[in-house]
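Asker: Next comes the sequence, and after it the predicted model I'd like to discuss.
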Amino acid sequence: MHFDHHAGLGELGTLGRSIPVHAAADNGRTGDPAIGAESIASAIRQRYGHAREFSIREHAALEPFDTCGFRVTLIPVRHGDLACFGVRVEDTETNSAVAISGDTDYAIDERSREVFGDLDLFVAEASVPARVSESVPSGRQPTLEFDGEHYDEAGGPRSVARGHMTREGALALAADIGARRTRLVHASHFYPVAEASCEPLATDGERHVL
Ligand SMILES: [Zn+2]
Ligand SMILES: [Zn+2]
């Protein structure tokens, strides 16, 4: 995860009690190029280290750790040149598991797919519909390029924009890893209006009992 996903963390530093912050250690990719951070953990430390309430705990990718009664694993995903991780959270008493994909394209490696596997609930990013190049008139968003990658048999891109999934790509990844329930998040405003509030896009405030 990078800045747009943790920008609100600083607000918690005013609660006046100790808050552990678990973050990924170096994995050879930049954690936040804007501040020259070499891992997610160092990015958190540089951006929020002034808040004494935070105790930052570093974790290696794919090495589970226990917190708040859950077993948690940070899973490397693919988001251009940036370090980015999905997260798997398991209740070891009930054997239920949920995972969040993080920002990623479809082509995460086999080891990460294995660790995502056997999920009761998969919360996956689905930035745009695969037809986004048709629905976004050219020139309307000149700074974003929706170049497709990882095409499916029907010719639709599963990935776009160097590190995001299409709705179709997210559903394909969910099927690949055998997720029993999937909710799609991280939707952009490039969904056509008629599809923007439709299944399987999640809505705010959803609750799921596992
Ligand atoms: Zn991102
Ligand atoms: Zn994002």
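Answerer: Noted; the coordinates are in hand. Worth saying up front: this structure is predicted, and the values here are computed from it rather than measured. Ligands and ions are numbered 1, 2, ... in the order given.
Asker: Tell me which helix or strand in the protein has the weakest average pLDDT.
Answerer: Every helix and strand in the chain was compared by mean pLDDT, DSSP states H and E; the lowest is helix 132-135, with a mean of 64.
Asker: Beyond that one, next helix or strand please.
Answerer: strand 148-151 (DSSP states H and E).
Asker: Please enumerate residues in contact with that following strand?
Answerer: 105-107, 130, 133, 156-160, 166, 169 (Cβ atoms under 8 Å, 6 or more residues apart in numbering). For the C-beta atoms, the positions are set from N, CA and C on the backbone; glycine is no exception.
Asker: and if you look at stretch 18-30?
Answerer: By Cβ under 8 Å, 6+ apart, stretch 18-30 touches 9, 12-13, 31, 36-44, 48, 53-61, 65, 67, 72, 74, 76, 81-83, 85.
Asker: show me the contacts for the most centrally placed residue in the chain.
Answerer: Central residue of the chain (Cα atoms, centre = their mean): Gly102, 0.6 Å from the mean position. Applying Cβ under 8 Å, 6+ apart, we find Gly102 in contact with 1, 5, 75, 77, 79, 84-87, 125.
Asker: Let me see the domain layout of the protein.
Answerer: Here the domain assignment for the chain is 1-60, 61-210, based on automatic domain parsing.
Asker: a strand runs through the residue nearest to the centre of the chain, doesn't it?
Answerer: No. Applying DSSP: H, G, I helix; E, B strand; the rest coil, one finds Gly102 to be coil, outside a strand.
Asker: Report the beta-bridge partner residues of the residue nearest to it when sequence neighbours are not counted.
Answerer: Among residues not flanking Gly102 along the chain, Gly86 sits closest, at 4.3 Å (Cβ to Cβ, 6 or more residues apart in numbering). Using DSSP bridges, the beta-bridge partners of Gly86 come out as Ile75.
Asker: how deep is Gly86 tucked in, by neighbour count?
Answerer: When neighbours are counted by other Cβ atoms under 10 Å, Gly86 registers 24.
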